[in-house]
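Colleague: model the structure of this input:
(3 chains)
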Amino acid sequence: MSIHQHLPALQVVVPMLIAPLVILMRGRGLAWAMATATSVMAFIIAVSLTNAVVEAGSVSYAMGSWQAPYGIELRVTAFSALLLLIVTAASTITLLFGKQSIDSQIEQHRQPMFYAAWLLALAGLVGIVVAGDAFNIFVFMEVSSLASYILIAAGPNRQAMPSVFKYLVMGTIGATFYLIGVGLIYMMTGTLNLADMEVRLQEVHDLKPIVVAAGFITVGLALKAAVFPLHVWLPNSYTYAPHMVTAFFAACATKVSLFVLLRFEFLVFQPNLVDYAGQFTAFLIPLAVIGILFASGVALFETHLKRLLAYSSVAQVGYILLGASMATAAGLTAGIMHMFNHALAKGALFLAIACLATQVSNLRLNKLGGIARKMPWTMAAFVVGGLSLVGIPGTAGFISKWLLISAVLEKGTLGIFLVVAVLASSLMAVVYFWRIVEVAYFGDAPADGLTDGLTEGLTEQPVLQEAPKWMLFGTWFVALANIYYGLNPSLPLLLSSQAASNLLGQLP
Amino acid sequence: MSGDWQILAALLVPLIGAIGVALVGSKRPNLRETVTFITAAVLLVVVWTLLPGLLAGERPEITVTEILPGLSLKFQIEPLGMMFAALASLLWIVNSIYSVGYMRGNKEQHQTRFYVLFAVALSAVMGIAFAGNLLTLFIFYEILTLSTYPLVAHKGDAKTVASARIYLGILLATSIGLFLPAIIWTYMVTGTLDFVPGGILAGHLSGPAVGLLLVLFVFGIGKAALMPVHRWLPAAMVAPTPVSALLHAVAVVKAGVFTITKVIIYIFGVDLLAVEPSTDWLLYAAIFTVITASIIALRQTNLKRLLAYSTIAQLSYIVMAAAILTPMAETGASLHIVAHAFGKITLFFAAGSIYVASKKTEIGQLAGIGKRMPWTMAAFTIGALSMIGVPPTAGFVSKWYILGGAFQADSYIVIITLVLSTALNAAYFLPILYKAWFCDEDTALTNDHGNNHGESPTAMVVALTITAALTLLFMVLNQPVLDLESQLVGKI
Amino acid sequence: MELLGLYNYWAYVAILMIGFYAVIAKSNLIKKLIGLSIFQSAVFLLYITMDKVDGGTAPIIQAGVSDQIYSNPLPQVLILTAIVVGISTMALGLAIVVRIKESYGTIEEDQIHLLDQRK
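Modeller: Alright, predicted model coming up:
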């Protein structure tokens, strides 16, 4: 067997096995180098898996050659390939370009632990994506969650601690709900393999436990995915986490939970439960719409830059769900496409914020007046990311907005209301984003060194300057990717439309 | 000569110029301005050499990349876009001459940023002019909005930023809230967004839906400043005068009416609009804007704001002419795009020239200024006469065609509107001319406001003389536009 | 008496709700964690109770015994994993509580909230 056949397993195993080794790397920068190299490797594996998927449709791997449904199956489809790309790329870019930011926020002696946790989070996230059975998804979900609690708790402020605690409690409840649902399905079908589940469910006559299971799984995963109104853990966690951790998680963490949610909803429940598609739609559309409008509304009045973007993330989860809740090929394509595009936009924005944070310690809006004059490149990248978030044509965000509106319009009258909601929230995004731009470009310039308020009166005032070149380079890399995929979205579009038809293949 | 690469060149030349200007930077202003001039000149050559081929019937097109399935980033040249691009590229050079005088004479900050964004805006204008489908047009429409925002907010003080916010807010909100849904609706109904002579909607949509879609389009294209989405234009007057002149008398607003005309001709199709009674409102909306904006202009005391409201009225002339739907009126609409551009840029140049020389912005301060600034005020006079439509100026030609179109269609309300608005134009321009030429200087102001000024910097005088001359010449030299239009009207 | 016959499931639901109540209602972070632990344990019970086959014994294959009924071993294995996950979560949660106590001087949620507000 060539190494190619083992790629699905290696995708998870490589970061997971290297994680403990990283702890031993005490030398300066060694841990970072090792973690980055691992992440790059994971990205390469993800790319070759994507290639294989584009050629062959899907890749299945039986752990230890024990065939499914008895053995553990790893399965890479178009949908998972897309998420693998998002996750590994987000991790690689943040690690590769974020060293300076991490160095400034994490003490040297804690760094090996930090990078080990990072790799575990990465392993967990890719594990969720490649796992073919429900219980392994749970285990990987907890691996990634535990690691992410650690990463977020590494934030420099003490507020990080209560936020992580909240996240931990809510995350555990979500995972436990999911476990209950899986248990109920196992009781009725005797299998944990997702593919096997959908086959065996057809022979189950008493579907009541399955309906209950659907409820538990939906709510549990919605909690993990920060679906409104279960999002309350997210804003503070993202705000107080180290900047690079925020950039990494904002790009991919909630999307992985949505991935699991969509797989369960469309592959397991919808084909087998009578009227389930209708219930699913009726349940999710209001949540998605209220979430979009509510979170955008909060973002309008938020003054802390990171929390503002975190609320915007909650709104964007709503977009993805709205597309998915259409339960049509066009809708699912739009939702899945938005996972990719939102990762690009938010990635660029949070990287730009990390660049800002190298010079400014307080990220509240009123402290950022005129910052663009001191850091023109950083803010320009921020603007590009913001435009993509708003959905200005020529950027990646526009593609998903276009697809979403087209999909929603297929719904007739209801669609028109939904379009109004989507457009209203786009306009809100313009407002909350432009508030930042105005402050940064036209606000009263801070005298050098007064940005902190605390350094006032000290003999030596730090001079505001542009962020480190290497970080800027990474930020611009992602910002330009927003434009590239806004003009040439064929790859993500191919994967997401294939993913959508895979998901819908089972529907009548 | 193959026109395909020239389309891309027209887009890229200003962008390369922008990079060049940015690289040279503010350390070497003379070199920087030279880069701007070279860029503008190259662009002029690139665009104008396309003209003969187009007149011979060529329709060069190029597809760059597929953005969405079935939707490409695609450019195609047709008469209307050719005219728009030729106009913008011609006036960019003149405007650059003027900018140098204005920016230096006024000692403005951030001059490099100014020239860079100006070039980017021109690239966006080329994209709009040569867009081969609605999606491409929309992309460049938004780029134009975004690249001009910093130009409007150039001064950077609180008042300017607030005005710029109105500018951006209205343009983005209308384009995202109305224009984009209209485009998507069109796409879902017809499965294409290409500009096809005769329209793509016929046979796919009928009844009140056509009227509703037209509402989305017309008000979504906020750059056309049809009331009530006109407020961004007066707000944008806080910008430096070269910006007001080129962008808000020519490029941006003309991009708006150009887009509307293009949507009418190539998306709806004149025939469809003619048979659908639900679309008649467009004519009345335009008439309402013409009259109302003219009346508001009467009451303005600030010169630039007066010009802004005059622009709003004149833009609706074009929309109105396009909405008459007769061949002669369509020709008139196209002619008026050019004629108004020459006239209004002259007026703005003059206003800026007055500001640089004397720091005067209010109409009340202009008494006797004609003696101090004869060139400027002569140009202003020509521009004003063109706005009113007096021969021998450009405005006369276009008004003639629009009037002819109105008679073709037996549309008496348009004829009445034209007469009434001509009177109103005269009512707000003639007093200024009278005051400037025939009143004596207000001696009370002499000392306070430094009335001992002469003409503005030479560069500015040269620029406004050129545009004034163009305004006069267009009276006789309008054949190329007519030739282009005959190709277009022949299709209708 | 079918409903009573499912007493093990009733017990699971009751324990689940007790744990859930503690997580939501208690403001002391340690008590919240205890609640969380109870909450998770309830799910372990669900799995354990579902694998029980009437008359079954521990699933160990013995030489010479052929017609023995076994309980389902899979859920037990699953729950061993879930217990490990639960313990890790608990350990991490407690560690965070220690850090909170160090930096805030309290482990009462409302007081922490007040301290954050003041800053």
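Colleague: run through the residues that contact the residue in chain B that chain A sits nearest to.
Modeller: When distances are taken as C-beta to the nearest C-beta, chain B reaches nearest to chain A at residue B:139, 4.0 Å away. C-betas here are computed from N, CA, C, even on glycine. By C-beta atoms under 8 Å, 6 or more residues apart in numbering or on different chains, residue B:139 lies in contact with A:393, A:394, B:73, B:127.
Colleague: just the ones of the residues you listed in strands?
Modeller: Among those, the members falling in strands (DSSP state E) are residue B:73.
Colleague: neighbours of the residue lying closest to residue B:86 once chain neighbours are set aside, just the number please.
Modeller: Distances taken as C-beta to C-beta, 6 or more residues apart in numbering or on different chains place residue B:47 nearest to residue B:86, at 5.6 Å, with adjacent residues excluded. Residue neighbour count, defined by other C-beta atoms under 10 Å in any protein chain shown, stands at 27 for residue B:47.
Colleague: so residue A:364 bridges to which residues?
Modeller: Residues in a beta bridge with residue A:364, per DSSP bridges, are residue A:304.
Colleague: for chain B, see how far away the closest residue to residue A:231 other than its chain neighbours is.
Modeller: Excluding the flanking residues, the one nearest residue A:231 by C-beta to C-beta, 6+ apart is residue A:314, at 4.5 Å. Relative to chain B, residue A:314 is positioned 21 Å away (C-beta to the nearest C-beta, to the nearest Å).
Colleague: following element in sequence after the helix or strand that contains residue A:383, please.
Modeller: Under the criterion of DSSP states H and E, residue A:383 resides in helix A:376-390. The first helix or strand that comes after helix A:376-390 along the chain, using DSSP H and E, is helix A:396-409.
Colleague: give me the angle between the helix or strand encompassing residue B:149 and helix A:396-409.
Modeller: Using DSSP H and E, the element containing residue B:149 is helix B:134-152. Counting by axes from the mean of the first three to the mean of the last three C-alpha atoms, to 10 degrees, helix B:134-152 points 130 degrees away from the direction of helix A:396-409.
Colleague: related to what we said a few turns ago, pLDDT wise, what is the residue nearest to residue B:86 at?
Modeller: Looking at residue B:47, its pLDDT is 90.
Colleague: how about the contacts made by it?
Modeller: By C-beta under 8 Å, 6+ apart, residue B:47 lies in contact with B:6, B:10, B:85, B:86, B:89, B:126.
Colleague: turn the residues you listed into TSV, columns for pLDDT, distance to residue A:106 and neighbour count.
Modeller: As requested, the contacts of residue B:47 are exported to TSV (pLDDT from 0 to 100; distance: C-beta to C-beta, whole Å; neighbours: other C-beta atoms under 10 Å in any protein chain shown):
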residue	pLDDT	distance to residue A:106	neighbour count
B:6	83	55	21
B:10	88	51	26
B:85	92	55	27
B:86	90	59	21
B:89	92	55	25
B:126	93	49	29
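Colleague: circling back: list the contacts of the helix or strand following the helix holding residue B:149.
Modeller: For helix B:134-152, the following helix or strand on the C-terminal side (DSSP H and E) is helix B:158-174. Outside helix B:158-174, the residues that touch it by C-beta under 8 Å, 6+ apart are A:427, A:430-431, A:434, A:438, A:442, B:142, B:145-146, B:148-149, B:152-154, B:219-223, B:229, B:231-232, B:235-238.
Colleague: so how do I select the buried members of the residues you listed in ChimeraX?
Modeller: In ChimeraX, this line selects whichever of the contacts of helix B:158-174 come out buried by 16 or more other C-beta atoms under 10 Å in any protein chain shown:
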select /A:427,430,431,434,438,442 /B:142,145,146,148,149,152,153,154,219,220,221,222,223,229,231,232,235,236,237,238
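Colleague: nearest residue to the residue in chain C that chain A sits nearest to other than its sequence neighbours?
Modeller: When scored by C-beta to the nearest C-beta, chain C has residue C:103 as its residue closest to chain A, at 4.0 Å. Closest residue to residue C:103 apart from its sequence neighbours, by C-beta to C-beta, 6+ apart: residue A:158 at 4.0 Å.
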